[in-house]
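>>> this one's sequence-less:
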DNA sequence: GTCTATATTTCGATAGAC
DNA sequence: GTCTATCGAAATATAGAC
């Protein structure tokens, strides 16, 4: 069902479609799952697991480069995001269980972006007055919005353009860093949270 | 039907729902419209007209300020975008007529952003190496993605955060402008497209 | 466990009275 | 123009044979 959930959404996917695609009868279906909702929960969890599983970037490069590499990661846009598209389906949003699974997925992504962004700021490659949590949502939003634009135009290009625009902004605000060459083996420049 | 199209989507909205909401019988419905699809086209056009109708910003302020003001415009996020949400509905995307109406709407928005961005670059308030068309898609994407995040969390906050993050980036890349005080009444600094 | 009926409701639309 | 009655198909699920 995972594929059908992604392509057709929850409300528009019937058990009949699932059974046809899986080449099973109704008996099998209702033996293994209590109904459409039960199966959808399983399929949703699987889609989210796959959507959140990403190849890690080169751990050695600066955080700001890892941000840009992650933003620029190829994403087939015209199919839409298997997680984000769920939010348009009222039957999903009105279901507390499904909605919380989706909200958790986006929270996980936001946390990843925020950590990376905070790293980049700490490294001195992004201005210190930027808020990592806000920027994290901006990154998520550009990707999610990119999917929407790609589907609206039936083309990958608008999504790529949106991400290019964001990366160009990132490059424009990029700062030169903490000058690690001048970093002495003793105390570095005094930072605030020195303890813990 | 416009409201139902926004809230429930195309596929999930039945003529029965529409007739109940409008307090009319089936006879009236099928007398004025040839069917569900016909009515949806009308409702979609109306929603897009309303979605594209915006109060103009203060014409006297710099273009970069008008961009930020337009980005920060209040948008009730948890209902989603009445245009963007259509792209999740396969029945809409697979219909060439509806899809082209939606694609045109996004093209109109992109054009508006691109014009504003080009103005800001010409005024010297944004770096000249930024691409107005790419940035225009970035702006659209942050807004569309903001809607997705707001619906995923059932809260306005993620959308506001995403837009705050983008505006903070804009402020960081903002440049001091063309120094209009030094602008002489004769020829200004030579620009490329002086003819036409 | 998997299959084939069957039940109930809704969908999208048509027919025909008024 | 607007109404009620009705149709054929699909959605979601249950019943019961094998």
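All right, it came through fine. None of the values given here were measured: they were computed from a predicted structure.

>>> got the contact list for stretch A:77-87?
The contact list for stretch A:77-87 (Cβ atoms under 8 Å, 6 or more residues apart in numbering or on different chains) reads A:2, A:5-7, A:9-10, A:44, A:47-48, A:50-51, A:92-93, A:98, A:102, A:105-106, A:143-144, A:146-151, A:154-156, A:158-160, B:80, B:87-88, B:145, B:148, B:151-152. Every C-beta, even on glycine, is put in place using the N, C-alpha and C of the backbone.

>>> try stretch A:11-26
A:1, A:3-5, A:8, A:28-29, A:35-36, A:39-40, A:89-92, B:11-12, B:89-91.

>>> That stretch near DNA strand C at all?
Yes. Contact of stretch A:11-26 with DNA strand C (Cβ under 7 Å from any atom of the strand) involves A:24-26.

>>> Give me the neighbour count for the residue of chain A found nearest DNA strand C.
Of all residues in chain A, the one sitting closest to DNA strand C is residue A:27 (1.6 Å; Cβ to the nearest atom of the strand). A count of nearby residues for residue A:27, using other Cβ atoms under 10 Å in any protein chain shown, gives 9.

>>> Tell me the spacing between it and residue A:15.
To residue A:15, residue A:27 is 12 Å away according to Cβ to Cβ, to the nearest Å.

>>> do the same with residue A:132
For residue A:132, the distance to residue A:15 - Cβ to Cβ - is 44 Å.

>>> Tell me which of the two has more neighbours.
Each of residue A:132 and residue A:15 has its neighbours counted (other Cβ under 10 Å); residue A:132 has more, 19 against 15.

>>> Show me the shaky parts of chain A.
Along chain A, segments meeting pLDDT under 70 span A:179-196.

>>> domains of it?
A:1-53, A:57-176 (automatic domain parsing).

>>> which one of the ones you listed is the most hemmed in?
Most buried of those, by mean neighbour count (mean count of other Cβ atoms under 10 Å in any protein chain shown): domain A:57-176, with a mean of 20.

>>> Quick check: end-to-end length of that domain?
Separation of the first and last residues of domain A:57-176 by Cα to Cα, to the nearest Å is 21 Å.

>>> which SSE is the closest residue to residue A:157 other than its chain neighbours in?
Leaving aside its chain neighbours, residue A:157 sits nearest to residue A:150 (7.8 Å; criterion: Cβ to Cβ, 6 or more residues apart in numbering or on different chains). Residue A:150 belongs to helix A:132-153 when assigned by DSSP states H and E.

>>> and the angle from that helix to helix B:132-153?
110 degrees (axes from the mean of the first three to the mean of the last three Cα atoms, to 10 degrees).

>>> mind listing the helices for chain A?
Secondary structure of chain A (DSSP state H): helices located at A:2-8, A:15-22, A:26-32, A:36-52, A:63-71, A:90-93, A:96-122, A:132-153, A:157-173.

>>> Show me which residues of chain A are close to DNA strand C?
Counting by Cβ under 7 Å from any atom of the strand, the residues of chain A close to DNA strand C are A:24-28, A:30-32.

>>> And the residue of chain A closest to DNA strand D?
Nearest residue of chain A to DNA strand D: residue A:14, at 2.9 Å (Cβ to the nearest atom of the strand).

>>> Next up, phi/psi of that residue, please.
The phi and psi torsions at residue A:14 (degrees, to the nearest 10) take the values phi -100, psi 150.

>>> again with residue A:123
Main-chain torsions, residue A:123, degrees, to the nearest 10: phi -80, psi -10.

>>> how far away is the closest residue to residue A:37 other than its chain neighbours from chain B?
Closest residue to residue A:37 apart from its sequence neighbours, by Cβ to Cβ, 6+ apart: residue A:95 at 7.4 Å. Going from residue A:95 to chain B by Cβ to the nearest Cβ, to the nearest Å gives 12 Å.

>>> before we move on, what about residue A:91?
7 Å.

>>> Isn't residue A:7 up against residue B:90?
Yes. Shown here, residue A:7 and residue B:90 form a contact pair, counting by Cβ atoms under 8 Å, at 6.8 Å.

>>> Let me see the contact set for residue A:117.
By Cβ under 8 Å, 6+ apart, residue A:117 lies in contact with A:63, A:67, A:126, A:130, A:132, A:135-136, A:139.
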